[in-house]
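Visitor: sequence? don't have it. structure:
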């Protein structure tokens, strides 16, 4: 693919085929992603790539604890709930997804099942947990760098025919993830990425989220009109 094809074509994939993803292909994708820029070349990121039975145990533990009402224990700060235009965009993409999946506003069971898909890593065959070195905890540059490598990773995956979705539900129950992924104590859990071969018959995979116009996001200074 050309660069523009990857950037303009990529979308979040929330439905996957069960087919396994070769380890060599994942290593290739991560190698490409790690060319992402980082502050003073600090490269704070690490990756735990999980599949098979360990991933199934994480899925089960996540959903069981959430259904039981166990408070979330995400390690990286969450911040305040979205408001204003940010909340409006969040609601808009939710409406797109629910419409594609045929989930009515008053259908609590289907809405609950949709939420739990996130805690099951969207039933993808692979989950990648992005962590950063605990020695850098509190650094503002570190989450920026982890965002850069995560963006590069999902684009590299798309360029190889794989789909991905960046999500936080899969790491909301951090003790479960730590236990079954064997995450080292010197690492902070940052994000999770569901990864696999897209199921093109899954309705939500056709959803393309809208982007605000360049003119609404950009201020040009010193340019001639």
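Guide: Yes, it's here. Just so you know, these numbers come straight off a predicted model, no measurement behind them.

Visitor: how about residue 198, nearest residue that isn't a chain neighbour?
Guide: If you skip the residues right next to it in sequence, residue 198 has residue 163 as its closest partner in space, 3.8 Å away by C-beta to C-beta, 6 or more residues apart in numbering. For every residue, glycine as well, the C-beta is placed using N, CA and C.

Visitor: right, and that neighbour touches residue 202 too?
Guide: No: if you go by C-beta atoms under 8 Å, residue 163 and residue 202 don't touch, sitting 9.8 Å apart.

Visitor: and the strand ranked longest in the chain, what other elements does it pack with?
Guide: Secondary structure of the chain per DSSP state E: the longest strand is strand 187-196. If contacts are counted by 3 or more C-beta pairs under 8 Å, 6 or more residues apart in numbering; DSSP states H and E, strand 187-196 sits against strand 126-133, helix 141-159, strand 163-167, helix 174-181.

Visitor: between that strand and helix 174-181, how big is the angle?
Guide: With axes from the mean of the first three to the mean of the last three C-alpha atoms, to 10 degrees as the basis, strand 187-196 and helix 174-181 are set at 70 degrees to each other.

Visitor: run the angle between strand 187-196 and strand 163-167 for me.
Guide: Regarding strand 187-196 and strand 163-167, their directions subtend 150 degrees when assessed with the same axes, to 10 degrees.

Visitor: ok, what's across the strand from the residue nearest the centre of the chain?
Guide: Centroid-nearest residue in the chain, with C-alpha atoms, centre = their mean: residue 166, separated by 0.9 Å. Residue 166 has the following beta-bridge partners by DSSP bridges: residue 193.

Visitor: any idea how far it lies from residue 182?
Guide: Computed with C-beta to C-beta, to the nearest Å, the distance linking residue 166 and residue 182 is 22 Å.

Visitor: same question, residue 23
Guide: As it turns out, when the distance is counted by C-beta to C-beta, residue 23 lies 17 Å from residue 182.

Visitor: okay, the helices and strands packed on strand 187-196 in CSV with mean pLDDT next?
Guide: Rendered in CSV, the data for the helices and strands packed on strand 187-196 read as follows (pLDDT from 0 to 100):
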stretch, mean pLDDT
strand 126-133, 97
helix 141-159, 97
strand 163-167, 97
helix 174-181, 96
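
Visitor: what segments of this structure are helices?
Guide: 3-9, 23-33, 52-67, 84-101, 108-119, 141-159, 174-181, 214-217 (DSSP state H).

Visitor: with mean neighbour count added, can I get the ones you listed in TSV?
Guide: Conversion of those to TSV gives the following (neighbours: other C-beta atoms under 10 Å):
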stretch	mean neighbour count
helix 3-9	11
helix 23-33	15
helix 52-67	17
helix 84-101	13
helix 108-119	15
helix 141-159	20
helix 174-181	19
helix 214-217	8
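
Visitor: quick one, which of the ones you listed is nearest to residue 77?
Guide: Using C-beta to C-beta as the criterion, the shortest distance between residue 77 and the helices of the chain is 8.7 Å, found for helix 141-159.

Visitor: what packs against that closest one?
Guide: In terms of contacts (3+ C-beta pairs under 8 Å, 6+ apart), helix 141-159 is packed against helix 3-9, helix 23-33, strand 45-51, strand 126-133, strand 163-167, strand 187-196.

Visitor: run through who's touching it.
Guide: Applying C-beta atoms under 8 Å, 6 or more residues apart in numbering, the external contacts of helix 141-159 come out as 1, 6-7, 9-10, 29-30, 32-39, 42-45, 76, 128, 130, 132, 136, 163-166, 190-191, 193, 195.

Visitor: also stretch 68-87?
Guide: 66, 90, 143, 168, 171-175, 188-191.
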